[in-house]
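Visitor: give me coordinates for this.
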Amino acid sequence: MPTTSAPSATGISSDPILDRLSSSDCDVKFKAIREVKNRIIGNRTKKLSYIKLGAVPKVAAALADSNSTPDLVVQSAAALGSFACGVDAGVRAVLDAGAFPHLIRLLSAPDEKVVDAAARSLRMIYQSKLAPKYDFFQEENMQFLLLLLKSENENLTGLGAGIIIHSCETNVEQNVLCHAGVLEKLTTLLDGSLSQREASLESLAVIIKCNPEAVSKFVELHSGRALSSVTELTKDRYSRTRLLACLCLLSVKNSSSCYLQDIAIKTKLVYILLELLDDSGQVGDEAPFAFSSLIAEKEDMQKLAFEANAIDKFNCLLQKSPLHPKRLEGVFLALGDLCSKLECCRSSFLSLQVLNLVVDALTHEDASVRSAACICLRSVSRSIKNLSAGCFMNKRVVFPLVQLLSDPCTSVQVAALGAISNIVVDFMPHKSTFIQCGGIKELVQLTKSMDSSLRLNAVWALRNMVFLADKVCKDGIFVELTASSMASLICDSEPSVQEQALALVRNFVDGCVYSVEYAFAEDGIILNAVGRLLRKSSKVEIGMQGLYVLSNIASGKEFHKEAVMQLLFPQHDNGSLPSFNQFLQSNDSRMRTAAVWVIVNLTFPKSVGSFGRTVNLHSLGIVSQLKRMVEDTCMDVKLRAEHALGQINNTFGEN
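Guide: Have a look, this model is predicted:
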């Protein structure tokens, strides 16, 4: 029985043009390639359809065919560039078809049109992460790159810049480019066409980023005229040029504290980037990210931005919905950086009710936007004043955050955990809201994740949840988490998880005497795990947290103190723990302080067994070490040592 194939969704599966692409007649092939090129330009759907049908190898074959006319080669290169433009699947298809080396070869062709078409196509390829990485350490490659950069052909200089932007990733590569004279070549392009200026600015920013040595070379070029030229371009009539000039100056400023620290240039950068937010195109999408780079971790820059009404500016931008997801992501990241340190920024953020817009974005369809909204929320919720007022511990904020803990995107889960870690610290009795939203179950589930970043952040959130929590809250979390799971987390394969797990236990056993009992559940499985970790770990942060756990336990009843004593100073020492003196003599003052706190709680004078424990500490040389520590350079250590010795002297005096 005869059958017919189902019609294609795109309507091109039987397009005769595909057969003409393989024609041996150059004129037929030329027209077919030109027609394909015209069909796919600006049409992603058709582009993907032709890729799937195998059109790219047919188009690329013309490059390798010695019988191809220059016009055919030009059309083939142009079509391949169109396939590669903005579509990674197209770049992959072009590379798989073996076109890349032929395009490189054509850059040396005698026909300028062929060279120009090949350069354009390669520029499209080098806009993708899939492009081959250029090896700057081969002398012939470097010479070829320099030839591209000094060419009068804008597409060749643009290709050279694209290669640098795509392939220069390490300080070593940056330095190789600097020593080869690439900086000098790029700065000559600053006086060229618009295309050359922008290519130069973008490449310069890549070469000097996070590299003080490269920055110094650039700043000293032509007696500082190169830097002046870039600064002047921040006033250019073209918004993209202004943005790229700002990014270049940011690379200088952020890479070295020696340059561009004048208040005038800092203020100028703030206002230019805020102005660029109004651009309706790609520049407006990228400006918030540049703004973040300008102010991130810099309190002085955040203050300048606040004085420039940056939060109000971002708020107005958010009102113009819907924003492109990339721009929305950038705005939230910028707001997060703005609110990361200054309370005045957080207050302005909340008074303008930007919080409502951020919370709405927690359910955005784009994962990057959801993640950025969480990061923003994390910064805003650093405010102790607003945490205490319960501004964040309500169902409107908490429920969508808890939902994000099961998000299919790991980066969103991690970002949500970061926000939750701040919010659950909450100094008011509102922690029940988080529990009612199912937050504890989700956090406990994530502590069992195969992804260490999720385990780490889930434990961190639980640690903050337990901080200053009442008995009801602690009991509820402990039942859900279980002692055996906590012991497993203490012995996790990742040191960072171990540290946070100890901090979680420390918060559990902090407070009233009943809290200490958590460490003794299931036959003391948690206490034993703490001992095992102290035995084998040399990391200061882990040792410090472990000692504070023991210090808190030692503040309990007689039984608890004796358990700590036996753990630290077993009667039959089989080398199970390092000598406690190692903690007291640590080079890190935090470790010494934590160790002395353990002794303070073990020697509390009103405790029944205090005298016996003090005698043991004398015999073990601990008291002698404490006497030396009253001269410690760290005031905390000195005061704690004096306190411990005072208790010990009182105990002996009473007996």
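
Visitor: what's whichever strand or helix holds Ala641 packed up against?
Guide: Per DSSP states H and E, Ala641 falls inside helix 635-654. In this structure, helix 635-654 makes packing contacts with helix 589-602, helix 610-619, helix 622-629, judged by 3 or more C-beta pairs under 8 Å, 6 or more residues apart in numbering; DSSP states H and E. (Glycine included, C-beta is placed from N, CA and C.)

Visitor: run through who's touching that helix.
Guide: Applying C-beta atoms under 8 Å, 6 or more residues apart in numbering, the set of residues contacting helix 635-654 from outside is 589, 592-593, 596-597, 599-600, 603-605, 610-611, 614, 617, 623, 626-627, 629-632.

Visitor: hmm, back to that, adding mean pLDDT, distance to Ala372 and mean neighbour count, write the helices and strands packed on helix 635-654 out as TSV.
Guide: Conversion of the helices and strands packed on helix 635-654 to TSV gives the following (pLDDT from 0 to 100; distance: least, C-beta to C-beta, whole Å; neighbours: other C-beta atoms under 10 Å):
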stretch	mean pLDDT	distance to Ala372	mean neighbour count
helix 589-602	96	34	23
helix 610-619	91	54	17
helix 622-629	93	48	18
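
Visitor: kindly present these as JSON lines, with separate columns for distance to Ser229.
Guide: Conversion of the helices and strands packed on helix 635-654 to JSON lines gives the following (distance: least, C-beta to C-beta, whole Å):
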{"stretch": "helix 589-602", "distance to Ser229": "49"}
{"stretch": "helix 610-619", "distance to Ser229": "71"}
{"stretch": "helix 622-629", "distance to Ser229": "60"}
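
Visitor: low-confidence ranges in this structure?
Guide: Within the chain, the stretches with pLDDT under 70 are 1-15, 426-430, 572-578, 653-655.

Visitor: and the residue nearest the centre of it?
Guide: Relative to the mean C-alpha position of the chain, the nearest C-alpha, by C-alpha atoms, centre = their mean, is the one of Ser411, at 9.3 Å.

Visitor: list the contacts of Val444.
Guide: Contacts were defined as C-beta under 8 Å, 6+ apart; by that measure Val444 touches 458, 462, 480-481, 485.

Visitor: mind checking how far it is from Val479?
Guide: Distance from Val444 to Val479, counting by C-beta to C-beta, to the nearest Å: 10 Å.

Visitor: with Leu48 instead?
Guide: Leu48 sits 53 Å away from Val479 when distances are taken as C-beta to C-beta.

Visitor: more neighbours: those two, which one.
Guide: Neighbours per residue, other C-beta atoms under 10 Å: of Leu48 and Val479, the larger number sits with Leu48, 17 against 10.

Visitor: quick one: contacts for Leu249?
Guide: Counting by C-beta under 8 Å, 6+ apart, Leu249 makes contact with 230-231, 234, 260, 265, 269.

Visitor: what strand or helix carries it?
Guide: Secondary structure here is read from DSSP H and E; on that basis Leu249 sits in helix 239-255.

Visitor: so for that helix, what gets flagged as buried?
Guide: Across helix 239-255, burial judged by 16 or more other C-beta atoms under 10 Å covers 239-255.

Visitor: after it, next one along is what?
Guide: Sequence order places helix 263-276 as the next helix or strand after helix 239-255, per DSSP H and E.

Visitor: domain map for this structure?
Guide: The record's domain parsing of the chain by automatic domain parsing lists 17-132, 381-481, 579-655.

Visitor: so how far is the first one off the chain centroid?
Guide: What that stands for is domain 17-132. Centre-to-centre, domain 17-132 and its host chain are 37 Å apart (C-alpha atoms, centre = their mean, to the nearest Å).

Visitor: can you give me the end-to-end span of it?
Guide: Between the start and the finish of domain 17-132 there is a gap of 31 Å, counting by C-alpha to C-alpha, to the nearest Å.

Visitor: tell me where the stretch 1-150 of the chain has helices.
Guide: Counting by DSSP state H, counting those that start in this stretch, one finds helices in the stretch 1-150 of the chain at the ranges 17-20, 26-40, 44-52, 55-64, 70-84, 88-96, 99-106, 112-125, 139-149.

Visitor: any idea which of those is most buried?
Guide: Mean neighbour counts were compared across the helices of the stretch 1-150 of the chain using mean count of other C-beta atoms under 10 Å; the top stretch is helix 70-84, at a mean of 25.

Visitor: now do it: everything it contacts.
Guide: Contacts of helix 70-84 (C-beta under 8 Å, 6+ apart): 26, 29-30, 33-34, 36-37, 40-41, 47, 50-51, 56, 59-60, 62-63, 68, 90-91, 93-94, 99, 103, 106, 109, 111, 113-114, 117-118, 120-125, 127-128.

Visitor: now the angle from it to helix 44-52?
Guide: Counting by axes from the mean of the first three to the mean of the last three C-alpha atoms, to 10 degrees, helix 70-84 lies at 110 degrees to helix 44-52.

Visitor: CA atoms of helix 70-84 as CSV?
Guide: The C-alpha trace of helix 70-84 is given here as CSV (Å, rounded to 0.1, in the frame of the first residue of the first chain):
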residue,chain,number,x,y,z
PRO,A,70,35.5,34.0,-6.6
ASP,A,71,31.9,35.1,-6.7
LEU,A,72,30.8,31.6,-5.6
VAL,A,73,33.4,31.6,-2.8
VAL,A,74,32.1,35.0,-1.6
GLN,A,75,28.5,33.7,-1.5
SER,A,76,29.5,30.6,0.3
ALA,A,77,31.5,32.4,3.0
ALA,A,78,28.7,35.0,3.4
ALA,A,79,26.1,32.2,3.8
LEU,A,80,28.2,30.4,6.3
GLY,A,81,28.5,33.6,8.3
SER,A,82,24.7,33.9,8.2
PHE,A,83,24.3,30.4,9.5
ALA,A,84,26.8,31.1,12.4
